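Asks: Please find the sequence and the predicted model below.
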Amino acid sequence: MTRLLLLVFLVVAVPARAQPPATNVEDPRLYEVASQLRCVVCQNLSVADSPSEMAQQMRAIVRERLAAGDSPEQVVQYFVDKYGEWILLAPRRQGFNWLVWSAPLVAVAIGLVVFAVCVRRWTGRRRARVTAAPAAAIDPAMRERIRRELELEGDR
Amino acid sequence: MTRRSLRWLLPVAALPVLALLAYGFRVNHRDIPSPLVDRPAAPFVLTSYAGEPMSLEAHRGRVVVVNFWASWCVPACYDEAPVLERNWRAYRERGVMVLGVDIQDTPEAARKFIDQFSLTFPNALDPTGKVSIDYGVYGVPETFFIDARGRIRAKHVGAVTDAIFRREVDRLLAERG
């Protein structure tokens, strides 16, 4: 049961790799910005992927700002200023956010250690059983008899 | 590692996950703190449904309530429309302005909404969504309370009630003196 649970934990711990969405050929910078932004009226969709009116309007503003000479970083910062970091689909790699970024790696590392310890324990026990078993199975009387029989064999 | 310690390890490992879930279910996921509170309100100029310019700058020195709504926003926008109209009439003489910004809407449906509640404060369509994004709006209704100096002092998500309107506006009026 414990082994099964561990196996389930390990399988679940491997992060599912999301299919990368098709890139926008119109302007790679528009896609670069829009794909980082959360569509505010959707559930976990980026502004690049959502067909909603709000996302269309947000894309129009991104396009407008890029055309006006803003860098992609400046456009992203404009949205962060208005909505907070919540607008970013991936938290920035700084400060407290490092916890979010490192937690999956730490969890996988702990899982591997637990897995390695368990594997050693299971194989170790079996090996011990294989080597210890014959010695324990023969009782002293039988051993004495075998010894005598072998001696008789040698005398003949 | 003994078998006994392993038996304890699994439930203990589940504890942080359960704690996180318990926290997550108790938090209102719509309640996202706005970075705009205590920052200057973004200026805007729109054309109201009455055909007049509707700008924030024109009301500097007054307490301004900016309400984002849409005719398709059922039932919250329908619940708060009479509240806004009632309080606008009660407070307009005391230097309070109410501005309605209609987002992602059609003029026909919006006019019907305005007629239905006989709204007398200015309402304007935000055709490009620029104003709603400048205010970090992520749904309707959302209401911003702006002080006489043009700073956003409070944001309310969901239908405004009489109590909320009075509390926020009275506070800003008292500050103005």
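Replies: The structure has been received and is ready for your questions. Residues are numbered from 1 along each chain as shown, chains lettered A, B, ... in the order given.
Asks: Next, residue B:69: phi, psi?
Replies: For residue B:69, the backbone dihedrals (degrees, to the nearest 10) come out as phi -140, psi 180.
Asks: need the residues of chain B near chain A, please.
Replies: Residues of chain B found near chain A (Cβ under 8 Å from any Cβ of the partner chain) are B:1, B:3, B:6-7, B:9-10, B:32-36, B:104, B:128-130, B:132-139. (Each C-beta comes from the backbone N, C-alpha and C, glycine too.)
Asks: Could you list the low-confidence segments of chain B?
Replies: Applying pLDDT under 70 to chain B picks out residues B:1-4, B:6, B:29-30.
Asks: Give the PyMOL command for selecting the buried subset of the residues of chain B next to chain A.
Replies: Isolation of the buried members of the residues of chain B next to chain A (16 or more other Cβ atoms under 10 Å in any protein chain shown) is achieved in PyMOL through the command below:
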select buried, chain B and resi 32+34+35+36+104+129+130+132+133+134+135+136+137+138+139
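Asks: Restricted to strands, list the residues of chain B next to chain A.
Replies: Applying DSSP state E to the residues of chain B next to chain A, no entry is found in strands.
Asks: count of neighbours near residue 61?
Replies: No chain in the question, so chain A it is. Each residue near residue A:61 was counted by other Cβ atoms under 10 Å in any protein chain shown, and the total is 20.
Asks: Sorry, I should have been clearer: chain B.
Replies: Neighbours around residue B:61, by other Cβ under 10 Å: 12.
Asks: Need the three-state assignment for the closest residue to it other than its chain neighbours.
Replies: In this structure, residue B:61 finds its nearest non-sequential neighbour in residue B:148, 5.3 Å apart by Cβ to Cβ, 6 or more residues apart in numbering or on different chains. Recorded secondary structure, residue B:148: coil (DSSP: H, G, I helix; E, B strand; the rest coil).
Asks: Could you check how far residue B:148 is from residue B:41?
Replies: Separation of residue B:148 from residue B:41 (Cβ to Cβ, to the nearest Å) stands at 12 Å.
Asks: More neighbours: those two, which one.
Replies: residue B:41 (21 against 17).
Asks: quick one: that one and residue B:150 touch, right?
Replies: Yes. Between residue B:41 and residue B:150 a contact is recorded at 5.6 Å, counting by Cβ atoms under 8 Å.
Asks: tell me, what's touching the two both at once?
Replies: Common contacts of residue B:41 and residue B:150 (Cβ atoms under 8 Å, 6 or more residues apart in numbering or on different chains): residue B:56.
Asks: So out of everything in chain B, what residue is nearest chain A?
Replies: Of all residues in chain B, residue B:129 sits closest to chain A, at 3.0 Å by Cβ to the nearest Cβ.
Asks: nearest spatial neighbour of that residue, skipping sequence neighbours?
Replies: Counting by Cβ to Cβ, 6+ apart, the nearest residue to residue B:129 once its immediate chain neighbours are dropped is residue A:57, at 3.0 Å.
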